[in-house]
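# build me a model from this:
(3 chains)
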Amino acid sequence: MNATEPMKAIKGGEFLIRETSADSIFIPEEWNEEQLMIAETCTNFLAQQVTPNLQRIDEQEEGLMRHLMDEAGALGLLGISVPEEYGGFGKDFKTAMLVTEKLGAGHSFSVAFSAHTGIGTMPILYYGNDAQKQKYIPKLASGEWKGAYCLTEPAAGSDANSGKTRAKLSADGKHYLITGQKMWITNAGFADVFTVFAKIDDDENLSAFIVEKDFEGLSLNTEEHKMGIKGSSTRQVFFNDCKVPVENLLSERQNGFKIAVNILNLGRIKLGGGTVGASKDVITSSVRYANEREQFGRAISKYGAIKYKLAEQAIRTYAAESAVYRASQNMEEATEMLIASGLDENKAKLKGTEQFAIEAAILKVHASEVLDYVTDEGVQIYGGMGYSAEAPMDRSYRDSRINRIFEGTNEINRLLTVDMMLKRAMKGELDLMGPAQKVAGELVSIPDFGAAEEDGLFTKEKKYIANFKKAILLVAGAAVQKLMTQLGKEQEVLMNLADMLIELYVSESLQLRVEKLVGLRGEDACKEQLDMMHVYINDAAERIAKMGREALNSFAEGDERRMMLMGLKRFTKTEDINTTQARRNIAAKLIAENKYCF
Amino acid sequence: MSVIVLIEHTGGIIKKQSFEAVQYAAQIARKIGTTATALALGSVATTEMEGLGQYGAQKVLHVADGRLNELHSSAYAGALIAAAQKEDSKVIVTLHDIKGRAVAPRVAVKLKAGLVAGALSYPDTEKGFVIKKAVFSGKAFAYVNILSEVKIIMLMPNTFPVKKLEGKAVVEQLDVSFSDKDFGVKVKSVNKVTGEVPLADAELVVSGGRGLKGPENWGILEDLAKELGAATACSRPVADLHWRPHHEHVGQTGGTIRPNLYIAVGISGAIQHLAGVNGSKTIIVINKDPEAPFFKAANYGVVGDALEILPRLTAAVKKFKEHHQ
Amino acid sequence: MRILVCISQVPDTSTKIVLKNNNTSVSSDGVTWVINPYDEWYALIGAIELKESGIATDVHLVTVGKADVEPVIRKALALGGDEAIRIDADSNDPYEIAHYVAEYAAGAGYDLVLCGKESIDYNNGTTGAMLAELLDIDYIGFASGIQVEAGTALVTREIEGGEETDACNLPLVISCQKGVAEARIPNMRGIMAARTRPLKVITPSKITAVTEILSYELPPAKTGIKLVSPDNLDELVELLHTEAKVI
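Presented below is the predicted three-dimensional model:
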């Protein structure tokens, strides 16, 4: 992109008040040949090394996961986004996301991979000094060493800064002595290097340290018994006056919480990509089974009830994918602009990601819930076999569930979505007040039925989406005005607002993707994608209306409430369409292709 | 003008599929109003060659050069061309097998002749010279028209049932001069699998997959094979796990077989496996999973545990054989 | 030693074959294209292994196809080919294809020409022997192992009911199958290097095909399986005798 066009720089959260043009977003149909080849390498790696061994992986066969990580390292998959000077391949964020997506179908392996390349490597890469990076990054990028990340404690989960782990300087001033207990540490069983968060002395904020497995005073508990991702090593890590050389303090003292938050931003959007990959895989299994399984003399894919499920699985996945790559592109562009403005590359990456922290939280929540939906319906399509541990749905169902919990629970992420939006408005970074007042004004004026606009392929959807924005501004504006400082305590209202924002962002991303795709391939080649857009936006309107009503009804009263409910109704109104036929069309394509094919 | 057909033999014994090739060539010859001439290379007894008359060959050309007991594609091609020229043949038939595939393409190039590899039908001369063959590993058939004057057909073995009739072919020696260059390939060592029915030629095949649970259970599969006189085969995972030797692996990346009967035991029927066996005339699938995709490609199916069914099936075959002796 | 590997683009094994134009052609809609597995897993990787062990100096790839085969060629380059040649033509006549490849290879000084034992689209398995004839060199088919020492190739190949090991002086054409090498996945280094490796396009001199495919046909669907109870295997044996007539 051209950095001399500042107008193109979209700010995080701005989607609520700004119109985005379709040609400014990236869509997955635009992957280049090299990216597709990388994707194929990931798919083949899973097919050859991971999928046939899922049972052994889940049994935590000694050395197997380490071996698979070695193999992924040999293919270069652990160093995709690591700069070439540190032994990586310096690929852009979208390519790294593509790898995460493709490997997302690898169950416990995906978790080990994501933890290693994300929270295991990124803190050192982004915050390490050159000596630290030279020492650790090439080994992590090649997979010679495996990485892990120790933040969570038994009593400090979502409230990470409240951890009890402490560090103090040794008498000779050469070491920090870390004491404490960390919990739910992914890859702990085989990691060589841990990024550990602890407070130095009585600091208010956390600091971060690079701790090697063999440092004196580090020990591991036994493996946790989990509902799913059973092959992922998850242990408690104990630090008992663990001796960490002073030069292994990462970044500055008390900078740990910032590191943790920024690394989580990255992790969240990556989780969005990984769960999209897992969803596609489950859809493919579902379609194949539905085509194979016969009841009453016909393949069950011929029945409408099953077609509905297959179509809905695909619609939601395609929508989530649209949002993931739209945001990835935005982050990448923001980073490039920051670099162009003179910022150091790593700082630019962090800042670029941070700018889109709202979108990252939205993607984390949405894509993980899509995967849960997709696997749940996958089990249902498999019927009795769905409940059998011999069919793949059992594992998919159990493994999916953790995604709504780690990288910040979906509740925390929903709260953050609204919180960040409002904070940016307060700071004047995001002008929500103006548009909100305009919407409030619209309520008391005569409804604008709109001059007869040219009836393009996307005219209606664009109108709906513009209205969704008004609906959110209406409810959010009223909530801020009515509840004022109490809003933070009305978590139900915050959840409603978050859900509305999620539906808006995903609907708009989907609409823009399909619009761009039609531009590239022509309308005839995009029939199913258009159907997906119509169905998703139709349903999103109803979900937004419901959430909005719930919120308004909780704090508004009387005429004011009636007026706002009327406005909400107007802003979430869509023309009736035949969603049944649209879903049948989508299902027909999936059934004919016998796989997820969008 | 006669139709020339290349004969294969092992140690002087003519290969059974060559009878089928002779019968095929004779049938074409009748159709185009000529006779079939067989070409035998290396050391073969006269009576063996005369016996080809029972399958429709009028004449056998014999190139007795002992060096031809081993496959030398260039020399074989030279002999086949010499025979074709002698007989002024416009149609040349070989088998679509290891030797045929080494020789026929060379002849095709030399004679600028169109070739159909893996023919499954007699040529249809109504629309030209059109022959059916399998493409996309058995997922479709193509009708190929040969446009050149000379036509080469590589017959897929085990396509037509062979009928033995009366007859005796005339054997005629054919002198062909070769150069040293024709024998550039030197055989250093031969390792034949002995005591078993060779898989590629087998009419009956019993094949095992992961459903047999371990190499220790192969005894009961071999019992059935022995009772039937069948060869044994296996799926790719089984070969990859080293439960069975690699030469038994049939499927996309292993061998392709077309027996009259293929019994798949504990094999789910992945598309890659089907690609190697879907030319089998009759398929029996034994699998405990009623949803196994292989059942869709099978003629007969038994749903149940392979380890229980195999001994029972062996007993049933034994009983049948006793009654039909 | 210089090796030429012949590769062709084929539909992925799991592709469902759909016919079009009144059954005269195969639809390419939604087809995933791959390198023919025998060409990739055995011929190409076999050649790369010979290069890695210091025996071969150059591994070149050749394919006959239009521009749409280039993604597949670059994948072959990503696996380790040094240079690729695309002969700009489209044909399914084995004779025509072999001619184009031979025309290129004739003066190019290759010591070894490797191809897969057959392609999984037209299942001919004739290219190798045709090339040998056109180049007037030796040919060994169905190889499962290749070693090269001092200008001589030692090739293990399938024979009926076993295998044999042949020695042959170079140059030589070998068609490869399982055993020659193990399948690999292109790694990041290879993928990134593939972009920088030359892909030459040459226009062949025209030759007339000697075969044409008039039409295609899909196999008839199996007409319902007969399920036999595990408790009544005598019935199965009886069916094999009276109905299937195989015993």
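# CA atoms for contacts and neighbours, from now on please.
Fine.
# put the alpha carbons of the helix or strand that contains B:F141 into PDB.
B:F141 is part of strand B:140-146 when elements are defined by DSSP states H and E. Extracted C-alpha coordinates of strand B:140-146, given in PDB (Å, rounded to 0.1, in the frame of the first residue of the first chain):
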ATOM      1  CA  ALA B 140     -14.200 -42.600 -15.900                       C
ATOM      2  CA  PHE B 141     -13.700 -44.300 -19.300                       C
ATOM      3  CA  ALA B 142     -12.400 -42.700 -22.500                       C
ATOM      4  CA  TYR B 143     -13.200 -43.700 -26.000                       C
ATOM      5  CA  VAL B 144      -9.900 -43.200 -27.900                       C
ATOM      6  CA  ASN B 145      -9.800 -43.200 -31.700                       C
ATOM      7  CA  ILE B 146      -6.500 -44.200 -33.300                       C
END
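# just the mean pLDDT for the helix or strand encompassing C:R74, thanks.
Secondary structure from DSSP H and E places C:R74 in helix C:70-79. The average of the pLDDT scores along helix C:70-79 is 95.
# can you tell me if it touches chain A.
Yes. Against chain A, helix C:70-79 shows contacts by Cα under 8 Å from any Cα of the partner chain at C:P71, C:K75.
# now for the closest residue to chain A within chain B, how many residues are close by?
In chain B, the residue that lies nearest chain A is B:E291 (6.7 Å; Cα to the nearest Cα). Using other Cα atoms under 10 Å in any protein chain shown, the number of residues around B:E291 comes to 15.
# did I read that right, it in a helix?
No. Counting by DSSP: H, G, I helix; E, B strand; the rest coil, B:E291 falls outside a helix, being coil.
# contacting residues for it?
Listed by Cα atoms under 8 Å, 6 or more residues apart in numbering or on different chains, the contact set of B:E291 reads A:E292, A:R293.
# so it versus A:T100, what's the distance?
B:E291 is 33 Å from A:T100, where distance means Cα to Cα, to the nearest Å.
# which residues touch the helix holding C:R74?
Helix C:70-79 is contacted by residues A:33, A:37, C:9, C:33-35, C:40, C:44-45, C:61, C:63, C:83-84, C:184-187, C:189-195, C:197 when judged by Cα under 8 Å, 6+ apart.
# tell me where chain C has helices.
Along chain C, the stretches classed as helices by DSSP state H are C:37, C:45-52, C:70-79, C:94-105, C:127-135, C:188-194, C:233-242.
# output the residue of chain A whose distance to chain B is smallest.
For chain A, Cα to the nearest Cα, closest residue to chain B: A:R293, 6.7 Å.
# which stretches of the stretch 51-200 of chain B form strands?
Listed in chain order, the strands of the stretch 51-200 of chain B (DSSP state E, counting those that start in this stretch) span B:57-63, B:91-95, B:114-119, B:130-135, B:140-146, B:151-155, B:170-173, B:186-192.
# can I get these in a markdown table with mean pLDDT?
Listed next are the strands of the stretch 51-200 of chain B as a markdown table, based on pLDDT from 0 to 100:
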| stretch | mean pLDDT |
| --- | --- |
| strand B:57-63 | 97 |
| strand B:91-95 | 98 |
| strand B:114-119 | 97 |
| strand B:130-135 | 97 |
| strand B:140-146 | 97 |
| strand B:151-155 | 98 |
| strand B:170-173 | 97 |
| strand B:186-192 | 92 |
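# where does chain C have low pLDDT?
Residues of chain C meeting the criterion pLDDT under 70: none.
# report how many residues lie close to the residue of the stretch 251-400 of chain A found nearest chain C.
The stretch 251-400 of chain A approaches chain C most closely through A:G297 (11.4 Å), counting by Cα to the nearest Cα. When neighbours are defined as other Cα under 10 Å, A:G297 has 7 of them.
# could you check how far the residue of chain B closest to chain A is from B:G269?
Counting by Cα to Cα, the separation of B:E291 from B:G269 is 11 Å.
# A:N129 too?
According to Cα to Cα, A:N129 stands 55 Å off from B:G269.
# settle it for me: which of those two has more neighbours?
Between A:N129 and B:G269, counted using other Cα under 10 Å, B:G269 has the larger neighbour count: 22 against 16.
# ranges for the helices of the stretch 101-250 of chain B?
B:218-228, B:236-240 (DSSP state H, counting those that start in this stretch).
# let's have those in JSON lines, adding mean pLDDT and distance to A:S388.
Converted to JSON lines, the helices of the stretch 101-250 of chain B look like this (pLDDT from 0 to 100; distance: least, Cα to Cα, whole Å):
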{"stretch": "helix B:218-228", "mean pLDDT": "94", "distance to A:S388": "28"}
{"stretch": "helix B:236-240", "mean pLDDT": "90", "distance to A:S388": "23"}
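# switch those over to TSV; also include mean neighbour count.
Below are the helices of the stretch 101-250 of chain B laid out as TSV (neighbours: other Cα atoms under 10 Å in any protein chain shown):
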stretch	mean neighbour count
helix B:218-228	18
helix B:236-240	19
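# quick one: low-confidence ranges for chain A?
For chain A (pLDDT under 70), the answer is A:1-9, A:447-454.
# next SSE after whatever helix or strand A:I210 lives in?
Assigning secondary structure by DSSP H and E places A:I210 in strand A:207-212. Later in the chain than strand A:207-212, the nearest helix or strand by DSSP H and E is strand A:218-223.
# so how far is stretch A:364-371 from its chain's centroid?
Put simply, stretch A:364-371 sits 7 Å off its chain's centre (Cα atoms, centre = their mean, to the nearest Å).
# can you count the residues close to A:G384?
A total of 10 residues lie near A:G384 under the criterion other Cα under 10 Å.
# next: the one 3 residues further on.
When neighbours are defined as other Cα under 10 Å, A:Y387 has 16 of them.
# give me the nearest residue to it, chain neighbours excluded.
Nearest residue to A:Y387, sequence neighbours excluded (Cα to Cα, 6 or more residues apart in numbering or on different chains): A:D394, at 6.1 Å.
# which strands and helices lie in contact with the helix or strand where the one you found lies?
Using DSSP H and E, the element containing A:D394 is helix A:392-400. Packing partners of helix A:392-400 (3 or more Cα pairs under 8 Å, 6 or more residues apart in numbering or on different chains; DSSP states H and E): helix A:357-382.
# residues contacting B:V171?
So B:V171 contacts B:T46, B:M49, B:E50, B:K59, B:V60, B:L61, B:H62 (Cα under 8 Å, 6+ apart).
# I'd assumed A:V276 was in contact with A:E321.
Yes. Using Cα atoms under 8 Å, A:E321 is in contact with A:V276, at 6.2 Å.
# so for these two, which sits in the more crowded spot?
Neighbour count, other Cα under 10 Å: between A:E321 and A:V276, A:V276 has more, with 30 against 27.
# in stretch C:138-158, which residues are buried?
Residues C:138-146, C:148, C:153-158 are the ones in stretch C:138-158 that count as buried (16 or more other Cα atoms under 10 Å in any protein chain shown).
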